[in-house]
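1. could you look at this predicted model? Sequence included:
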Amino acid sequence: MNWEITGSADWTKEIDNRADKEAIAAQLAQRAQSGDVVGIGSGSTAYLAVIALAERIKSEGLDIKCVATSYEAESYCVTLGLPVTTLNDHRPDWCFDGADEIDGDGNMIKGRGGAFVREQLVFAAAKKRIILADPSKIVSRLGEKFPVPLGVVPEAANLVRNELQRKLGSVPEVRPAGGKDGGVINEQACTVMDLPIDGSLAPAELEKILLTTPGISATGLFIGYDYELIK
């Protein structure tokens, strides 16, 4: 698939712990081999990794294809001249992405940027998975710093709120959007809601409750995956 290179590859916000993230990105870029199909993650660490990967491809003439986890990640790939494909056409040989939180058992919360549905699809499809995480992402329990993102059918927001209050004693709230009235809508046209958790349930038990609640189509819980952690 050929794309015209347009736009800017500048990250629009200040990147926290940038030096640590750039060191991680440099490690990752050295893993690329010609012929690879690579799943490209979202978030600031993944963004820096895309830049490092693009520089190596340009200098060494590597032939790779990229499967992006969000429109934003796809835009960075196109702008930097990386060929883009989809899961319909190629299975990633390996993928890389960031995380919001990682507990001691390797369970993760992802989705602070709202791209957790495509992130999970690419993560599940990849033959090998790499998570890029600076030390600030390691927590003693999930939910310590961030709530669990939920993808919710828009008409079900109140139902989900009431059901989770009944089941968990915790109330998810619609994530407010910047620059418009109302909440965040993800790329799958679902409302993003954020659920605070206290760690009283095991992540797998919590995930089962969430995914059997009518109206919830996806969560930002990434549980039971094998992956390599670069930190």
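-> All right, it came through fine.

2. which ones are touching the residue nearest to residue 99 when sequence neighbours are not counted?
-> In space, and not counting its chain neighbours, residue 99 is closest to residue 108: 4.6 Å by Cβ to Cβ, 6 or more residues apart in numbering. (C-beta placed from N, C-alpha, C; glycine too.) Residue 108 makes contact with 99-102, 131, 142, 221-223 under the criterion Cβ atoms under 8 Å, 6 or more residues apart in numbering.

3. from the residues you listed, which land in helices?
-> Taking DSSP state H, every one of these sits outside helices.

4. and the residue nearest to residue 99, what are its phi and psi?
-> Main-chain torsions, residue 108, degrees, to the nearest 10: phi -130, psi 160.

5. quick check, pLDDT for it.
-> What the model reports as pLDDT for residue 108 is 98.

6. any idea of the pLDDT on residue 44?
-> Predicted confidence (pLDDT) for residue 44: 80.

7. and the residue nearest to it when sequence neighbours are not counted, how far is that from residue 45?
-> Excluding the flanking residues, the one nearest residue 44 by Cβ to Cβ, 6+ apart is residue 15, at 4.6 Å. Counting by Cβ to Cβ, to the nearest Å, the separation of residue 15 from residue 45 is 8 Å.

8. same check, this time on residue 81
-> Using Cβ to Cβ, we find residue 81 at a distance of 21 Å from residue 45.

9. so these two - more neighbours on which side?
-> Set side by side, residue 81 and residue 45 show more neighbours around residue 45, with 29 against 12, by other Cβ atoms under 10 Å.

10. any chance you could map the helices in the protein?
-> Listed from the start of the chain, the chain has helices (DSSP H) covering 18-29, 44-60, 71-79, 116-125, 157-168, 203-211.

11. now do the contacts for residue 117.
-> 151, 186-188, 190, 217-218.

12. if we go to 6 Å?
-> 151, 188, 218 (Cβ atoms under 6 Å, 6 or more residues apart in numbering).

13. and if you look at residue 227?
-> 129, 131.

14. and for residue 94?
-> Contacts of residue 94 (Cβ under 6 Å, 6+ apart): 126, 128.

15. let's see 8 Å
-> 31, 36, 38-39, 126-130.

16. hmm, which of the residues you listed are the buried ones?
-> The neighbour-count criterion (16 or more other Cβ atoms under 10 Å) marks 31, 38-39, 126, 129-130 among the contacts of residue 94 as buried.

17. in the lowest-mean-pLDDT helix or strand in the chain, which residues are buried?
-> Counting by mean pLDDT, DSSP states H and E, the chain has its least confident helix or strand at helix 18-29, which shows a mean of 85. Buried residues in helix 18-29, counted by 16+ other Cβ under 10 Å: 20-22, 24-25, 28-29.

18. most neighbours per residue, which of the helices of the chain?
-> Mean neighbours per residue, mean count of other Cβ atoms under 10 Å, is largest over these for helix 116-125, with a mean of 22.
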